[in-house]
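Enquirer: pasted the sequence and its predicted model underneath.
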Amino acid sequence: ILNVEQSPQSLHVQEGDSTNFTCSFPSSNFYALHWYRWETAKSPEALFVMTLNGDEKKKGRISATLNTKEGYSYLYIKGSQPEDSATYLCASPLHRLAFGKGNQVVVIP
Amino acid sequence: DAGITQSPRHKVTETGTPVTLRCHQTENHRYMYWYRQDPGHGLRLIHYSYGVKDTDKGEVSDGYSVSRSKTEDFLLTLESATSSQTSVYFCAINSAPGGVGDEQFFGPGTRLTVL
């Protein structure tokens, strides 16, 4: 993998359901992996910065895991609520911070 | 919230005119970035700065120039605006090189329309 890639690009989730999505990044020369939450008409805000293999971070109903050896991170949303609707960006410092195109999440009430 | 502002917040201009966007921070962070947001592309880096008078190109730098004469200000100039530069522009700051271990803080964005 040469770039930061996210999948799926978009997903619709029923309120109350849990969901997860993937960020893939180059595993060589790994420094850190960032997750940002980006609500419509607002600015991206940092959720997590992860640096160690096996790292697990949690903020409320949102959590993330990191596998630096295979080059992926999962973001989980437990019991999705409408306010979780946003685009979730991951980013990895390659030469500069390189962003994936995001996972757009729509939570359906 | 990080002290980062952008001006103007909205601008409509005509093709061929020069446009300057300003990013101002009160955090004394060393690193400043300009991104553009376009549907299907996410955030793409235009230019960044790693200190006063120290700047470098990002992945979509053609048609843009930057200047940083003070720590707190990072200016983005569209030398001759084109319709393809219609976008939302975000400034970001952080204190670490390349974002290593340190998250970026984003400004509120500038919506630019080139007619």
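Expert: Perfect, I can see it now.

Enquirer: for the chain, give me the ranges with low pLDDT.
Expert: I'll assume chain A. Counting by pLDDT under 70, chain A contains low-confidence ranges at A:1-2, A:94-95.

Enquirer: wait, I meant chain B there
Expert: Looking along chain B with the criterion set at pLDDT under 70, you get B:1-2, B:97-101.

Enquirer: quick check: residues of it near chain A?
Expert: Contact residues (Cβ under 8 Å from any Cβ of the partner chain) of chain B with chain A: B:33, B:40-45, B:48, B:58, B:90, B:98-109. Just so you know, the C-beta spots here come from the backbone N, C-alpha and C atoms, and that holds for glycine as well.

Enquirer: sort out for me which of those are in strands.
Expert: Counting by DSSP state E, the residues of chain B next to chain A place B:33, B:42, B:43, B:44, B:45, B:48, B:90, B:105, B:106 in strands.

Enquirer: phi first, then psi, for residue A:82.
Expert: According to degrees, to the nearest 10, the main-chain angles of residue A:82 amount to phi -50, psi -30.

Enquirer: is it correct that it is in contact with residue A:109?
Expert: Yes. Between residue A:82 and residue A:109 there is a contact under Cβ atoms under 8 Å: 5.4 Å.

Enquirer: okay, and the common contacts of the two?
Expert: Residues touching both residue A:82 and residue A:109 (Cβ atoms under 8 Å, 6 or more residues apart in numbering or on different chains) are residue A:15.

Enquirer: ok so, going back, closest to residue B:15 among the ones in strands among the residues of chain B next to chain A?
Expert: residue B:44 (21.2 Å; Cβ to Cβ).

Enquirer: what's the closest non-adjacent residue to that closest one?
Expert: residue B:60 (4.9 Å; Cβ to Cβ, 6 or more residues apart in numbering or on different chains).

Enquirer: so the one you found, which of the three states?
Expert: coil (DSSP: H, G, I helix; E, B strand; the rest coil).

Enquirer: surely it is in contact with residue B:36?
Expert: Yes. Using Cβ under 8 Å, residue B:60 makes contact with residue B:36 at a distance of 6.6 Å.

Enquirer: shared neighbours, those two?
Expert: Residues touching both residue B:60 and residue B:36 by Cβ under 8 Å, 6+ apart: B:44, B:46.
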